[in-house]
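Q: below is the sequence, then the predicted model.
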Amino acid sequence: MRITIIDYDESHVEDKEAKRIEECFPFTDKPTVTWININGLHQLDIIEKIGEHFNVHPLVLEDIVNTGQRPKIEDFVDYIFVTLKMLRYSDEEKETKAEQVSLILGSNFVISFQENEGDVFDPIRQRIEADKGRIRKMGADYLAYALMDAIVDNYFTILEKLGDRIEDFEEELVVNPKPETLQAIHHLKREMIFLRKSVWPLREVINRLERWESSLINKSTAIYFRDVYDHTIQVIDSVETFRDMLSGMLDIYLSSISNRMNEVMKVLTIIATIFIPLTFIAGVYGMNFRFMPELEMPIGYSVVLLVMLFIGILMFAYFRKKKWL
Amino acid sequence: MRITIIDYDESHVEDKEAKRIEECFPFTDKPTVTWININGLHQLDIIEKIGEHFNVHPLVLEDIVNTGQRPKIEDFVDYIFVTLKMLRYSDEEKETKAEQVSLILGSNFVISFQENEGDVFDPIRQRIEADKGRIRKMGADYLAYALMDAIVDNYFTILEKLGDRIEDFEEELVVNPKPETLQAIHHLKREMIFLRKSVWPLREVINRLERWESSLINKSTAIYFRDVYDHTIQVIDSVETFRDMLSGMLDIYLSSISNRMNEVMKVLTIIATIFIPLTFIAGVYGMNFRFMPELEMPIGYSVVLLVMLFIGILMFAYFRKKKWL
Amino acid sequence: MRITIIDYDESHVEDKEAKRIEECFPFTDKPTVTWININGLHQLDIIEKIGEHFNVHPLVLEDIVNTGQRPKIEDFVDYIFVTLKMLRYSDEEKETKAEQVSLILGSNFVISFQENEGDVFDPIRQRIEADKGRIRKMGADYLAYALMDAIVDNYFTILEKLGDRIEDFEEELVVNPKPETLQAIHHLKREMIFLRKSVWPLREVINRLERWESSLINKSTAIYFRDVYDHTIQVIDSVETFRDMLSGMLDIYLSSISNRMNEVMKVLTIIATIFIPLTFIAGVYGMNFRFMPELEMPIGYSVVLLVMLFIGILMFAYFRKKKWL
Amino acid sequence: MRITIIDYDESHVEDKEAKRIEECFPFTDKPTVTWININGLHQLDIIEKIGEHFNVHPLVLEDIVNTGQRPKIEDFVDYIFVTLKMLRYSDEEKETKAEQVSLILGSNFVISFQENEGDVFDPIRQRIEADKGRIRKMGADYLAYALMDAIVDNYFTILEKLGDRIEDFEEELVVNPKPETLQAIHHLKREMIFLRKSVWPLREVINRLERWESSLINKSTAIYFRDVYDHTIQVIDSVETFRDMLSGMLDIYLSSISNRMNEVMKVLTIIATIFIPLTFIAGVYGMNFRFMPELEMPIGYSVVLLVMLFIGILMFAYFRKKKWL
Amino acid sequence: MRITIIDYDESHVEDKEAKRIEECFPFTDKPTVTWININGLHQLDIIEKIGEHFNVHPLVLEDIVNTGQRPKIEDFVDYIFVTLKMLRYSDEEKETKAEQVSLILGSNFVISFQENEGDVFDPIRQRIEADKGRIRKMGADYLAYALMDAIVDNYFTILEKLGDRIEDFEEELVVNPKPETLQAIHHLKREMIFLRKSVWPLREVINRLERWESSLINKSTAIYFRDVYDHTIQVIDSVETFRDMLSGMLDIYLSSISNRMNEVMKVLTIIATIFIPLTFIAGVYGMNFRFMPELEMPIGYSVVLLVMLFIGILMFAYFRKKKWL
């Protein structure tokens, strides 16, 4: 469990790592913006101490610690509580993983809780320290926006990776459809269900943030939340488009598999069909009747061979004409 | 039919089992919170006596006794009536069973009706007796919340069990798809329909509880109902996700069954196809024509055997090259 | 066309069958509740006379007579017009039939119009005459509720019958799927479409009745309409569940039919496949080459038979191992 | 392009055909109701003159002339503009055709524009002239209602024809499914898409008419628009039901085609399968080994024939027992 | 990057191409309407200069430059920002391409940003210069309408091209279904997903424009935006109809492919089936039993041949009768 504090206003920044959570509290009494970031949620006493000091509702503390929450937002007048999913694409497991990030936005502070050490918030830290962009001139609500924006922007990275994989499979589908491709499509489909579950409620969350008339959110910051909202909608759009594409791919896969199979069966059946009447003729002249005049004729054999050849060619031509071959 | 009463406030608890329903009534005249729990609904006279004493609308009494109700809520100013489904997973029958639980929330009492003896409310009883958490400090509305929360939390247990079964079948699907797997998937699908039917209306019920401006529900308790609401949404989300997963599994099952069948048919057809032309050749030299020069040649037999071998290998190679084998 | 009148208040009941519609009118001038029930809609002059006397809008009269109406409700301040579908399951035709029932609710009277003589309203007549329940103590709005409740309760009987048939087919599906089962499932599916069309608009109708602030509906009666509304929702839920179940059954049917077919084809193909190579061997030794050393060997025949047996067993074992048999 | 004028009030009617559009204008200055009907839209100058005289917005004129409009309604305070689709079933082409009808409803006039001469409005003309029903007693808004009602009533005729064709195909499906049936079903399905596109927006249009608080629409006429609205909903319901039925028919078609095919394949395969082992036996005794003791036995031949018969019967019985035949 | 300026009012027009963006600014200080069109978005400094001069919010500038935006609208009191997709059908790639167009509508100016040089706005430029229609008499809001209308009208061109391609494929489907047709249908389906994604949000955008009570939009212009809105709905309707048609085509394709395959298999199997029993008979009389009385009879051979012919004809007739051939 690692606690880092960044305290800043337009003219100064202070960045420190706290050993004990109590070190953070003096910062929040000053008018400067304070960002307390907590990595790891297993030390319940620290969470409880924060709850006590900032007068956070016990249910909020429960929601922070139980990481299976649906993205949601709650306005407690003195502070706003937001919980989101941060997504991470694990290259080894070829799977998207979700991690819960919770934010408490007070009048001059933001407390962020992450399940594990992550690097999504690093650019924001750097922006604060280097005084890049608007961030140092704005309040805690803008910081909350920046954090949420970082999380949503990260979704695009995930979507791009999934989009690449979809395109890979698409090419494979046409060139060489394999049962594994089917499995992979279903795997991707399930990832889409998962993503959708993480992103859909987010839309509602950010929409509320933008519309609420909370004293904690400055009018001039609302437009930024609207921007995050637009991005969320774009993410949802992409997820839906990917889902549609995957359904289409499934259809193509199934019909191209059955096409291939049909091609095989057709050719094989035709070969069999051509030889079966010929074999019958051979069978007829293999009969042991005493009086079979053809058998005695010197040209009998050659004639039969020619007839067989003729029948074979005829059938082949017929199948060709019917476009069965 | 078993009647238990728990009467408590911050400083005392009284827990007793009543023989006659009339024993309960004096408790509700005191300002303390009274929880009357009734197990079993077959003694209509007791239900009617409660109705009379608490001035409950006859339709409510009907709804309590007829256990096929849809979850619903009704505000009668003096009391709020809520009916929910409690779910139980029966391990023997491998099926989820629903049981109706009804609550009447008055200003200082809660009456709960269960179809059968259950253990879902035991933790709440223990919490009251041991004075754990907030429950002893809060009113009857919080008690109603606690009971509903216990029921909704129980849904997660059911979902987990269903989730485990889904995962079991999933593995089976890939390793060894059987017609029984299909039956099992359909069975699970139907359970999802059943769950959905129980849980969907609950969302509306709890949403109303949270939004209503009833004098029976304290402002500070509303946030707890919001928490139950969030859990209900999560349950609904999971049910929908499971449904999507089961549909996907059905698709995989069907296509893997047809894949296996196609594989079988293909190999068998190929074997037949290779031997049919060879059998034809054998048939030709089995004909009894008098003048068949090949038959007289000493190496005729070996040559024909070699030709047959050659044709067989050629066809095999061709099928291989075409990736049919 | 049969006209019956029941006139009642808390202290008296009068029940008579009218020859002419004019006999009914004096009753409605008294403060007692009057229920005029008209069976059969072919005598337009009677309908028109009612329209004139009660000042009913001509469009309402048209709606009463044209029995293809969608369930609807209309508030004309002086009276409320409701039209519903009464369902009847015809055992001979194994089909659900719909019949239109229209109600005109005035301040102290209800006029009900039925297409044919039916027995759904009999229990209400008996309840009024025997003074059972609340009905004699309440006004015309309660009578309207009682009539609509009788109709909606009747839906449950229909649903039960359909539910039984669905379960019958379900068992048949697993034991012995036949093309007729498919036809039957489709037939039931169509019945569901039909039911849905009758019941869906009802929801809206009754919801409006409950919410409208009409002077014709007493506040204390509104709760009863809410009860009918809940029943309607339950009917809709059941119809939707049945539809889902039927879709699932169709899937099971199709896949079990194709499973059976595949089983047949597989076994047959395997038999053919085992014998084709053996027949080839027999063909080889049926060739008439002069120099075929095996033919001269005394043990040739036995060896070949043994080789054939061996090949047969080998192939059989291979198919077994591959789980094709 | 044909212009007809009907000018009427309770006491008089005047019916004339105008050569020039200017002849119509004096009528609209009188307090009587004037209905100007224009057939054909190719003479743009006439439309423009109407636009000028009645002060119609240029966009409305564009919408009248461009006949690909979606049904819509627009309130311009002085007049209301409505555009609808009139449907016509062409028996030769077996296809439903849509034609645009636009209405301009002023305080005491209605101008209707039709693409082609049609007979849908004839009954209204006759009703006005014969003074049948309410029409002569009501204002221009009632006339607009009557026109729209005529159009919507015409939909039912179309639906009936389509319903008949659906039933025809349904019988064909069961008796003798052919690829042409499939084409026909798809054709009907597309007609449903087309109808739906024409009718869906109508719902919105008429709903607005009924709800708007326009001074052009009398309170007492609103109920008539509600009636048209109900009819529109009924049309939409029927279209949806037909769509559902067609989907069901497609499923039946596909499964009955595949059923038939499977029946064929099964019987054929069984025949082949019975003879293949028998042919093998014949092949064995066709071998030319010198030492084949069975061949020398006098009863060899009869025994083998009997064995073959026995095997054939056995296999046939087995297939019967397995219900494969 | 090309900057063009058109400045106009009822009495004059000035049209020039600017080298530097600063040349544009003086125009906007005059009361005349100024349209600044910017082609190409790569010179960020120009965009920034515009932002500075017109006091545009930095997020808007970002949205202009990042061309992956979803169509959206934002009201900043002083100006309205709109971003849309312009579609272009590339004939070489047979694909629809989207290009982002952004508009800033101020009180007396419109700034439009295009990704590439396009010709969609040319007719508007000509209309302004030739003083055709209303455009010179109206304000900047009408110019914004004209630009958006040009973009939406362009969608119809795209839709027409896609509609033509759909019809082409439809004919191909019936005449000669090929795997490439399947690919093409899927390709078109994906284009529909793409179009839908571009057009759906547009509906919301234009709806807002029409409803907003912005001081920038004149009451008399709102009706024009409503017209664009109607067109957008029509585009969406067409896209949905095309999607439905493509789904239907996919079904037809799959069932006609499988029909063809089944026809092939059936005929071939029947041929094989007829010859298999005949071959068996030939096999029987090819057996080498010493005592086979038929073999010795002089007419044996002819009888067997006749029997074979008879069986063949019988089977053929049977298959015919069963409609298998």
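A: Yep, that arrived.
Q: drop to CA atoms for contacts and neighbour counts, all remaining ones
A: OK.
Q: the residue of the stretch 1-150 of chain A found nearest chain C: how many residues sit nearby?
A: As assessed by C-alpha to the nearest C-alpha, chain C sits closest to A:R70 within the stretch 1-150 of chain A, at 27.2 Å. As a burial measure, A:R70 scores 22 neighbours (other C-alpha atoms under 10 Å in any protein chain shown).
Q: check which helix or strand the residue nearest to it when sequence neighbours are not counted maps to.
A: Among residues not flanking A:R70 along the chain, B:Q234 sits closest, at 6.7 Å (C-alpha to C-alpha, 6 or more residues apart in numbering or on different chains). For B:Q234, the element it lies in under DSSP states H and E is helix B:219-284.
Q: what packs against that helix?
A: helix A:179-211, helix A:219-284, helix B:140-175, helix B:179-211, helix B:300-321, helix C:219-284 (3 or more C-alpha pairs under 8 Å, 6 or more residues apart in numbering or on different chains; DSSP states H and E).
Q: dump those into JSON lines; add mean pLDDT and mean neighbour count as well.
A: Shown next, in JSON lines, are those (pLDDT from 0 to 100; neighbours: other C-alpha atoms under 10 Å in any protein chain shown):
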{"stretch": "helix A:179-211", "mean pLDDT": "86", "mean neighbour count": "18"}
{"stretch": "helix A:219-284", "mean pLDDT": "86", "mean neighbour count": "19"}
{"stretch": "helix B:140-175", "mean pLDDT": "89", "mean neighbour count": "18"}
{"stretch": "helix B:179-211", "mean pLDDT": "86", "mean neighbour count": "18"}
{"stretch": "helix B:300-321", "mean pLDDT": "90", "mean neighbour count": "15"}
{"stretch": "helix C:219-284", "mean pLDDT": "86", "mean neighbour count": "19"}
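Q: save the ones you listed as TSV, and put in distance to B:N116 too.
A: Below are the helices and strands packed on helix B:219-284 laid out as TSV (distance: least, C-alpha to C-alpha, whole Å):
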stretch	distance to B:N116
helix A:179-211	36
helix A:219-284	45
helix B:140-175	14
helix B:179-211	18
helix B:300-321	66
helix C:219-284	23
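Q: among these, which is nearest C:A18?
A: helix C:219-284 (29.5 Å; C-alpha to C-alpha).
Q: could you check the angle that closest one makes with helix C:179-211?
A: Angle of helix C:219-284 versus helix C:179-211, following axes from the mean of the first three to the mean of the last three C-alpha atoms, to 10 degrees, is 160 degrees.
Q: wait, does the next helix or strand after helix C:219-284 make contact with chain B?
A: Once the chain leaves helix C:219-284, the next helix or strand it forms, by DSSP H and E, is helix C:293-296. No: Helix C:293-296 lies out of reach of chain B by C-alpha under 8 Å from any C-alpha of the partner chain, never closer than 9.4 Å.
Q: helix C:293-296 and chain E in contact?
A: No: residues of helix C:293-296 contacting chain E under C-alpha under 8 Å from any C-alpha: none, with a closest distance of 13.4 Å.
Q: counting contacts, what elements does that helix pack onto?
A: Using 3+ C-alpha pairs under 8 Å, 6+ apart, no helix or strand is in contact with helix C:293-296.
Q: for that helix, the distance to its chain's centre please.
A: 77 Å (C-alpha atoms, centre = their mean, to the nearest Å).
Q: tell me which residues in it are buried?
A: C:E294, C:L295 (16 or more other C-alpha atoms under 10 Å in any protein chain shown).
Q: which residues does stretch A:279-296 contact?
A: When contacts are defined by C-alpha atoms under 8 Å, 6 or more residues apart in numbering or on different chains, stretch A:279-296 is touched by residues A:300-301, A:308, B:279-280, B:283-284, B:286-291, E:275-276, E:278-279, E:282-288, E:294-301.
Q: one more time with 6 Å
A: A:300, B:280, B:283-284, B:286-290, E:279, E:282, E:285-286, E:295-296, E:298 (C-alpha atoms under 6 Å, 6 or more residues apart in numbering or on different chains).
Q: what is the end-to-end distance of that stretch?
A: Stretch A:279-296 stretches 21 Å from its first residue to its last (C-alpha to C-alpha, to the nearest Å).
Q: and it, how far from the chain's centre?
A: With C-alpha atoms, centre = their mean, you get 71 Å for stretch A:279-296.
Q: try stretch A:31-48
A: For stretch A:31-48 - counting by C-alpha atoms, centre = their mean - the centre lies 30 Å from the chain centre.
Q: cool, and stretch A:109-128?
A: On C-alpha atoms, centre = their mean, the centre of stretch A:109-128 falls 23 Å from that of its chain.
Q: kindly report the same for stretch A:133-150.
A: On C-alpha atoms, centre = their mean, the centre of stretch A:133-150 falls 27 Å from that of its chain.
Q: wait, is A:N116 part of a strand?
A: No: counting by DSSP: H, G, I helix; E, B strand; the rest coil, A:N116 is not part of a strand but coil.
Q: surely it meets A:G40?
A: Yes: counting by C-alpha atoms under 6 Å, A:N116 does reach A:G40; the two are 5.3 Å apart.
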